[in-house]
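[1] Sharing a sequence plus its predicted fold:
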Amino acid sequence: MPRLDATSGAPSAPTLWMARREWRAALELASSAVRTRDIAGWPVGDGHPVIVLPGFLAGPESTVFLRSHLRRLGYRVHDWRQGRNLGASPELAARLEDLLLEVYDRYGRRVSLVGWSAGGIYAREMARALPHYTRSVVTLGSPFRHHPAATRAWAMYRVMNRHHLDQMFTEEALALRAAPLKVPTTSIWSRTDGIVAWECCVLDPGPLAENVEVDATHLGYGHHLDTLRVLADRLAQEEGAWRPWVAPTATAAPEHPDDGDPLHDVAG
């Protein structure tokens, strides 16, 4: 059941106990580093360009593993080129739109956008502004619904971006941020996210929208094995032939017999 604030009806931030369990991200990275050495059998990319955007307070170093994995699968992968993510601004939005157009012009192909946490919010707004240049959007634990007070990063965000808060979090702005996109959109989310309330990450079902649940920490999304499997499948779809994620069946032989697979699609 959703955790709701008794006064506002909005989801509340993850508990301190959940936040403390984010240490598991290191184990997720170590596990994936070993188990993704052999990617035989994973969906291979068609070489189209992908831009990867980091989360709040993170920089390009946080997405190195994710980007290198996507390159091995055959994509032309680009960092967002903005250094450390310190918060949104109109100037940042313009620079990101310029980047999308630049990458599109370089390859002559639509660009997929992969955004981790706040980076996913930026990715969605890039696609909203430039849908004809965007192939798909995949977000990893991105709080594009409700107010960011339902995250454990809100206090720091409020301090660092106080000049933009008034216009960024009006009811109208929040509604627009959650509105459907015109391109295929996948939201990957986790009930064990210790930073962002999972209710903030769930899309409204639609013909081009889906939600896929994994069992990841917030700091581990970009190197969590199940997240990488879903991302590989989503990016490998033929352009113009998007279909919702279908989780492996219980009878299918798993890639690693002792893994188990907690993935399941909750909307689409």
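    Noted; the coordinates are in hand. The structure displayed is predicted, hence computed values, not measured ones.

[2] downstream neighbour of the longest helix along the chain in the secondary structure list?
    Counting residues, the longest helix found in the chain (DSSP state H) is helix 90-107. Counting by DSSP states H and E, the next helix or strand C-terminal to helix 90-107 is strand 111-116.

[3] Pairing partners for that next one, with directions?
    If you go by DSSP bridges, strand 111-116 pairs up with strand 49-53 (parallel), strand 134-140 (parallel).

[4] re earlier: contacts for the longest helix of the chain?
    For helix 90-107, the external contacting residues (C-beta atoms under 8 Å, 6 or more residues apart in numbering) are 48-49, 51, 53, 76, 78, 80-82, 110-111, 113, 122, 125-126, 129-130, 133-134. Any C-beta I mention is one placed from the backbone N, CA and C, and that applies to glycine too.

[5] Any buried residues in it, and which?
    By neighbour count on 16 or more other C-beta atoms under 10 Å, the buried set for helix 90-107 is 92, 96, 99-100, 103-104.

[6] With stretch 44-63 instead?
    Buried residues in stretch 44-63, counting neighbours by 16+ other C-beta under 10 Å, are found at 45, 48-58, 60, 62-63.

[7] How far off centre is it?
    10 Å (C-alpha atoms, centre = their mean, to the nearest Å).

[8] and the end-to-end length of that stretch?
    Length of stretch 44-63, first residue to last, C-alpha to C-alpha, to the nearest Å: 20 Å.

[9] Quick check: chain neighbours aside, which residue is closest to residue 236?
    Spatial nearest neighbour of residue 236, chain neighbours left out: residue 43 (3.5 Å); criterion: C-beta to C-beta, 6 or more residues apart in numbering.

[10] Quick one: residues contacting the one you found.
    Contacts for residue 43 (C-beta under 8 Å, 6+ apart) come out as 73, 232-233, 235-236.

[11] who wins for most neighbours among the residues you listed?
    Highest neighbour count within the contacts of residue 43, by other C-beta atoms under 10 Å: residue 235, with 23 neighbours.
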